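[1] what follows is a predicted protein model with its sequence.
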Amino acid sequence: MPESGSIVDPLYTNRKWHQRLLRWSLLGICWTSYIVYRGLVIGQIKYDLDLNRFVIYPRYIRTKLFARALLLTAIYHDYLLYFSFILVFLPLLPGTECYYVDNKAFVVLFVSIIMQVLFWNTAQMLIFLRSLTWNRSFVQIANEVIQVVASMKDLMGPVHLEGLYLLIIFGLLLILAALHIITMIPEQRFFIMFNLVLLMIFFSVYVAYQLLLLCWVASFTRYLEFYLRQPVPNKKQHSKLLQIMRLYSRISNNHFRITKLWLPISRMIFSDILMLIIHWGAVFKCILFNHEMDAWGKWIWLLRYHISGCLAPLLRMLFIGLCSNHLAKLERLLSLQLLGIDLRNNQLQDIMEYKARYLVSDFTFLQLGFDLQLRAQPIRNKIMNLHHVCDSQFVLEFIICLLLNSLNCVQHIMNFKDYGED
């Protein structure tokens with residue numbers, strides 16, 4: 001446990017409600033995702049309460065058969081999936097040139113392409129969840145995160161929530177996802193619902209990890225701020241600083257492994273731009289060209305049919321981008337604090353005891369390793385591949401690309417309409 005009176009910042013000591021909010025939020029996110037995951041009977045991962053770790057536990061054959069029968073029965077009644085497979089090949093058939101001059105047919109074709117992408121993404125997620133190799137990798141990484149949580153508690157004490165706005169964004173995202181599922185139940189869009197539930201399971205687990213990661217790095221910066229305020233740190237405080245740097249290196253290495261598992265899911269989140277184009281295109285078309293509805297009717301129509309499809313994918317991208325920006329800010333602060341500690345140690349090295357000089361030497365080597373690791377392997381949220389960072393700049397470019405393509409889609413549909421009238 002951290003030493004008594006180690007952190008004297010009143011903003012730090014009087015935020016117990018941040019501890020409780022973080023604890024209950026993480027427990028709610030993780031347990032809800034785990035219960036839904038186990039209820040779908042699609043994987044082999046199980047949490048052992050006695051061991052406090054995840055294990056590989058195969059499902060019973062009868063349970064799997066029953067769950068698959070229910071899933072196939074629900075998807076069987078989703079006629080949109082059948083039509084999308086048929087209509088996507090219709091323009092390739094001879095004698096269907098008139099197909100292109102109908103704006104409604106163009107929308108149906110675009111929706112059918114989106115359904116193909118959703119089918120491919122759902123198939124990939126099911127392959128991951130059924131793959132024994134992927135399950136073992138996830139179990140190993142998740143158990144490592146649990147061990148880091150225990151190490152952080154022993155070394156730093158309870159961590160505080162960092163970034164309350166991120167939790168608010170995720171709460172809005174959950175509300176939009178629930179509204180999306182509720183609106184699709186009467187229309188029997190079970191396949192889209194299944195895809196959304198699977199995606200939210202993956203994303204919710206990543207959200208819990210991001211909240212933990214931000215709390216860990218922020219706790220390191222707070223202790224380094226306290227350490228810099230000490231005129232001459234004692235041996236215990238210096239030893240704790242070395243443990244923090246080793247723990248940070250452990251977190252960074254584990255983050256790289258998590259990123260490799262996360263990249264396929266991030267591609268699916270990026271592919272939601274197709275769904276965003278059709279929703280925002282419909283909204284722009286209604287606002288600009290639909291003169292039969294008044295303003296109140298347009299708002300009701302938007303809230304009923306397009307509010308979730310327009311905002312939920314954007315909020316997912318925004319959450320990842322804001323987390324990357326916050327991590328970059330904390331890492332820069334951490335690097336500057338370590339530089340300040342190194343400069344002060346060089347000044348105090350002459351007046352230190354002989355045994356304490358070895359601690360300063362160890363700190364110098366650890367700081368050199370930290371700087372190299374920070375340059376070669378910074379903790380960031382990647383998307384698509386290891387070379388693309390999803391930060392605020394990427395999110396802004398994503399939104400601009402979305403708006404331009406949505407307006408082009410509306411223009412394309414209106415050109416079809418004019419061509420048909422001529």
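    Received, thanks.

[2] now do the helices in the stretch 151-300 of the chain.
    164-184, 190-229, 235-270, 273-289, 295-305 (DSSP state H, counting those that start in this stretch).

[3] tell me how far the fourth one is from the chain's mean position?
    Meaning helix 273-289. 25 Å (C-alpha atoms, centre = their mean, to the nearest Å).

[4] again with the longest one
    From the chain centre to the centre of helix 190-229 is a distance of 8 Å (C-alpha atoms, centre = their mean).

[5] cool, the first one as well?
    Its chain's C-alpha centre and that of helix 164-184 lie 13 Å apart, by C-alpha atoms, centre = their mean.

[6] same question, the shortest one
    Helix 295-305 sits 30 Å away from the centroid of its parent chain (C-alpha atoms, centre = their mean).

[7] with the third one instead?
    Mean-position distance between helix 235-270 and its chain equals 16 Å (C-alpha atoms, centre = their mean).

[8] for it, list every residue counted as buried.
    238, 240-241, 244-245, 247-248, 251-252, 254-255, 258-259, 262, 264-266, 268-270 (16 or more other C-beta atoms under 10 Å). The C-beta positions use only the backbone N, C-alpha and C, and glycine is treated the same way.

[9] from residue 378, how far out is residue 269?
    Distance check for residue 269 against residue 378: by C-beta to C-beta, to the nearest Å, it reads 21 Å.

[10] equivalent analysis for residue 331, please.
    Taking C-beta to C-beta, one finds residue 331 at 6 Å from residue 378.

[11] so for those two, which residue has more residues nearby?
    Each of residue 331 and residue 378 has its neighbours counted (other C-beta atoms under 10 Å); residue 331 has more, 19 against 15.

[12] helix, strand or coil for the more buried one?
    helix (DSSP: H, G, I helix; E, B strand; the rest coil).

[13] okay, now the unreliable bits of this protein?
    1-15, 78-106, 345-377, 415-422 (pLDDT under 70).

[14] what's stretch 143-150 in contact with?
    52-54, 209, 212, 216, 247, 250-251, 254 (C-beta atoms under 8 Å, 6 or more residues apart in numbering).

[15] tell me which of these is nearest to residue 308?
    residue 209 (24.4 Å; C-beta to C-beta).

[16] the closest one reaches residue 259, doesn't it?
    No. Using C-beta atoms under 8 Å, residue 209 makes no contact with residue 259, being 10.7 Å away.

[17] quick check: neighbours shared by the two?
    Between them, residue 209 and residue 259 share no contacting residue, judged by C-beta under 8 Å, 6+ apart.

[18] now the closest residue to residue 282 other than its chain neighbours: how far from residue 43?
    In this structure, residue 282 finds its nearest non-sequential neighbour in residue 306, 6.1 Å apart by C-beta to C-beta, 6 or more residues apart in numbering. Separation of residue 306 from residue 43 (C-beta to C-beta): 33 Å.

[19] do the same with residue 115
    25 Å.

[20] which helices and strands does the helix or strand that contains residue 396 pack with?
    With elements taken from DSSP states H and E, the one containing residue 396 is helix 392-421. Here helix 392-421 touches helix 103-130, helix 273-289, helix 307-348, going by 3 or more C-beta pairs under 8 Å, 6 or more residues apart in numbering; DSSP states H and E.
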